[in-house]
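Visitor: pasting the sequence and the predicted model now:
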Amino acid sequence: MNADQQARDVKAGRLDPDAYSDLFSDLHPPLDGHEAHVEADRCYFCYDAPCMEACPTSIDIPMFIREISTGNPLGAAKTIFEQNIFGGMCARVCPTETLCEEVCVRETAEGKPVKIGLLQRFATDAAMAAEKQFFTRAPSTGKRVAVVGAGPAGLACAHRLAVKGHDVDVYEAHPKAGGLNEYGIASYKTPDGFAQAEVDYITAIGGITMHYEKALGAEISLSQLSADYDAVFLGMGLAGVNALSIDGADADGSLDAVSWIGDLRQASDVSTVPVGRRVVVIGGGMTAVDAAVQARALGADEVTICYRGPKERMKASEYEQEIAKVRGVSIRYGMTPKSMIVEGGTVAGITFDRGGETVTIACDEVMKAIGQAFVPDSLNGSGETIALDGGRIAVDEEGRTSMAKVWAGGDCVNAGDDLTVTAVSQGRDAAESIHSALSA
Amino acid sequence: MADLSTNFLGIKSPNPFWLASAPPTDKQYNVERAFEAGWGGVVWKTLGEAGPPVVNVNGPRYGAIWGADRRLLGLNNIELITDRDLEINLEEIKATKKNWPDRAVVVSLMVPCEEEPWKKILGRVAETGADGVELNFGCPHGMSERGMGAAVGQVPEYIQMVAEWCKQHTDMPVIVKLTPNITDIRRPAEAAMRGGADAVSLINTINSITAVDLDSFAPEPTIDGKGSHGGYCGPAVKPIALSMVSEIARNPETHGLPISGIGGVTTWRDAAEFIALGCGTVQVCTAAMTYGFKVVQEMIAGLENYMDEKGFETIEDFRGKAVPNVTDWQYLNLNYVTKAKIDQEACIKCGRCHIACEDTSHQAITNMVDGKRHFEVIEEECVGCNLCVNVCPVEGCISMEPISGVDPRTKKPVDPDYANWTTHPNNPAVWAKEAAE
């Protein structure tokens, strides 16, 4: 029988009930105490360390590793959290292979960098397990700041403002905080409800009031916030996804990868999440890899990532691509989508152009992961329109927007990579800028 | 193929690697396992006089310090001499020597500082067919409180006296084991020589507390909340041992006195260094206690390989070869000028050389050149101290290279001729001499 003629097959519970916990377990199991000490001993405590330079939040990596090696993991956690209050999540999701670990001198020396990410996790896990809080609030300033979006940028900003003694109201469109940490990142990178535990750990400082299901442009407006508060920080991320403009793009079985991952993350039991038998993922970033790997983990037989460009242009790092391959995902390059094959209103396959040749892949589901986009509509009608740059909010080096009293950071601004760690640094730095403006 | 066999005071062994008097040599079982593994000889764990044997603590006996990856660098112990019955030990020594006639079996002894007990024990040891005796004047804990061990070794007159008794009451070769817990190792060595001892062995262990438990505030190892200083050994003590061995080897009074070197011998290289400083055999304990008896095979193979590469056929071919090069500071050539050189290909850019030099020395290594992370020696500042070499994690990356011509630091020509402090114009003794003339 020709593959194209197979009946469409999308269902939940493809695997043995026991298989899921294994397939969705930690991508990198945490280091135990012995492993952490062996690994920490490998750090050379470099001068002006390249790893620290490569970290968008400038964590003093040699110092925290030395603290681990001398039996002071809580001190190590403090060193990390002082620069990056999301140190726990960043330890799990940072592409360390292209940041700190890429420039580790032991990578130069022997091709084996110190496992900085795992050591960071060791320290931050120890502090969180001990419920050790390192920050206390300065005396109240009486100033109030509104933060829009409870993702890494928004909460990093809120935390730093709370430390400085300001009162913060965080407005979040979703029913839960965490942003992409909660709704976007693959389950196997942050299992066991870590994202919420981290939100609780961060907000435990006090002075941060969460307001859920309040979306900018719907329940709240920028003009109102800037009238009511002493300052506003916008960190609402990217609400939109890039559209795939081919025929049949909206057929049943043609899914948006970001919301599919979000649904998966919110499912109380992953075995109840349906997945096709043959899945095609379109895109070349981390979202494409996360969707593809999790589709495989749910029991899809064939998962193929189809990326338009060549291998070296793929945004997912080589290491991420390797993970996908090891987990049974095929990656094909130079594949430009042409049209969806739709039968009876549902997806039956997809056709690509590959250097002038037409390639057809039969499938039950297509997941679109061709990038997210900022939706500026929510900003309009606010009395004043914020200047955009490259389709996102324009900010200066301190995170100030074109609008008075309004700062922004994270994926919604046009600066830096769309990484958790970048969002954290922008939120934190904007808080410092807000603090000096409010103290002036 | 190099011949590793040794003849130390007439005691023959197939190689210079002996196990030191210590826990590994307390029983026939252990010693025979050591011989099976290839050890050339043993010094049997110290025997005391007949009667109820000493007792050991029943809590921890050892403490340690570690380097990276918990590699054991220093070990300390509070164990005493053998706590087994004298008769059992003597029987086992006899049986072991009979089973292993080609290996050296020397017996360590410690009895009260009176002639009669020494005479008595020497007679008993002679009956076992052992090859020699080693007088334990070094044990720094427990026994020293009872007037034995280091308490004898710290008084040259006692050393001489006991050595004389022993030479008088036995025909076996007598080795005196020295304690390093003194200020000048030459004095006890001279005393041993005056007493007629055939050789000295050194170093015994060093007074030490390896750590303080910060919960119980007691030294480690801790016995029910208290601790006592122990004897320190292992790789960490090798530099101290080498120095003391060299002092005896180059002292005109003791030059030529046979030495069995002890202290942190862990690899063939350590052993070769002791031999180069004049030792006829080396004694090992901590390496065996850390890794088991098999380590001797690496030592044998490594020493053979080194000797073959160097063209040394026997141990005697290089024994003592480094002794003439050990000198006093005042005779070092002050016209020898070196500068550090960093191999840029090998450099991994950790920056440790820079920060060590910048913070603690002479500001002679860059960290940035033309806006790039780059570590290079500034010859105008470099005094050639070698600190950068020692802190660099990459072996061979930084080397010290002698220079000629003009020294960029002093802007003066480098004098190609040897000159030392004794004739240096800054030396007050030189002024005094000039004034007198």
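Guide: Everything's here; your move.

Visitor: every contact and neighbour count from this point should use C-alpha atoms.
Guide: Fine.

Visitor: what residues does stretch A:36-48 touch?
Guide: Contacts with stretch A:36-48, where a contact means CA atoms under 8 Å, 6 or more residues apart in numbering or on different chains, come from A:62-63, A:65-66, A:68-69, A:114-115, A:119, A:122, B:68-70, B:350-352, B:354-355, B:393.

Visitor: if you could redo that for stretch A:275-288, that was the one I meant.
Guide: Identification of contacts with stretch A:275-288 by CA under 8 Å, 6+ apart yields A:8-12, A:184-185, A:257-258, A:291-292, A:295, A:298-308, A:314-316, A:320, A:361-371.

Visitor: show me what from chain B comes close to chain A.
Guide: Counting by CA under 8 Å from any CA of the partner chain, the residues of chain B close to chain A are B:68-70, B:348-352, B:354-355, B:393.

Visitor: can you say which of the contacts of stretch A:275-288 are buried?
Guide: Buried members of the contacts of stretch A:275-288, scored by 16 or more other CA atoms under 10 Å in any protein chain shown, are A:8, A:10-11, A:184-185, A:257-258, A:291-292, A:295, A:298-308, A:314, A:316, A:320, A:361-371.

Visitor: restricted to helices, list those.
Guide: A:257-258, A:291-292, A:295, A:320 (DSSP state H).

Visitor: where along chain B do the helices fall?
Guide: Counting by DSSP H, chain B has helices at residues B:28-37, B:86-99, B:115-126, B:150-153, B:156-169, B:186-194, B:238-250, B:268-276, B:286-291, B:295-310, B:352-360, B:387-391, B:428-436.

Visitor: how many residues are close by residue 148?
Guide: This is for chain A. When neighbours are counted by other CA atoms under 10 Å in any protein chain shown, residue A:148 registers 29.

Visitor: um, chain B though
Guide: Applying other CA under 10 Å, I find that residue B:148 has 21 neighbouring residues.

Visitor: got a list of what residue A:267 touches?
Guide: Here residue A:267 is in contact with residue A:273 (criterion: CA under 8 Å, 6+ apart).

Visitor: contacts for the longest helix along chain A next, please.
Guide: Longest helix in chain A by number of residues, with DSSP H as the criterion: helix A:420-439. For helix A:420-439, contacts defined as CA under 8 Å, 6+ apart pick out A:56-57, A:84-86, A:90, A:93-94, A:143, A:152-158, A:160-161, A:164, A:230-231, A:233, A:235, A:398-400, A:407-411, A:416.

Visitor: list buried residues within those residues.
Guide: The neighbour count (16+ other CA under 10 Å) marks A:56-57, A:84-86, A:90, A:93-94, A:143, A:152-158, A:160-161, A:164, A:230-231, A:233, A:235, A:398-400, A:407-411 as buried among the contacts of helix A:420-439.

Visitor: pLDDT wise, what is residue 251 at?
Guide: In the absence of a named chain, this looks at chain A. Predicted confidence (pLDDT) for residue A:251: 92.

Visitor: nope, chain B
Guide: 98.

Visitor: in strands, which of the contacts of stretch A:275-288 fall?
Guide: Members of those lying in strands (criterion: DSSP state E): A:10-11, A:302-306, A:361-362, A:365-368.

Visitor: what comes into contact with stretch B:351-358?
Guide: Here stretch B:351-358 makes contact (CA under 8 Å, 6+ apart) with A:45-49, B:363-367, B:375, B:387-389, B:391-392.

Visitor: so for that stretch, what gets flagged as buried?
Guide: Of all the residues in stretch B:351-358, those buried under the rule 16+ other CA under 10 Å are B:351-357.

Visitor: and for stretch B:298-306?
Guide: By 16+ other CA under 10 Å, the buried positions in stretch B:298-306 come out as B:299-300, B:302-306.
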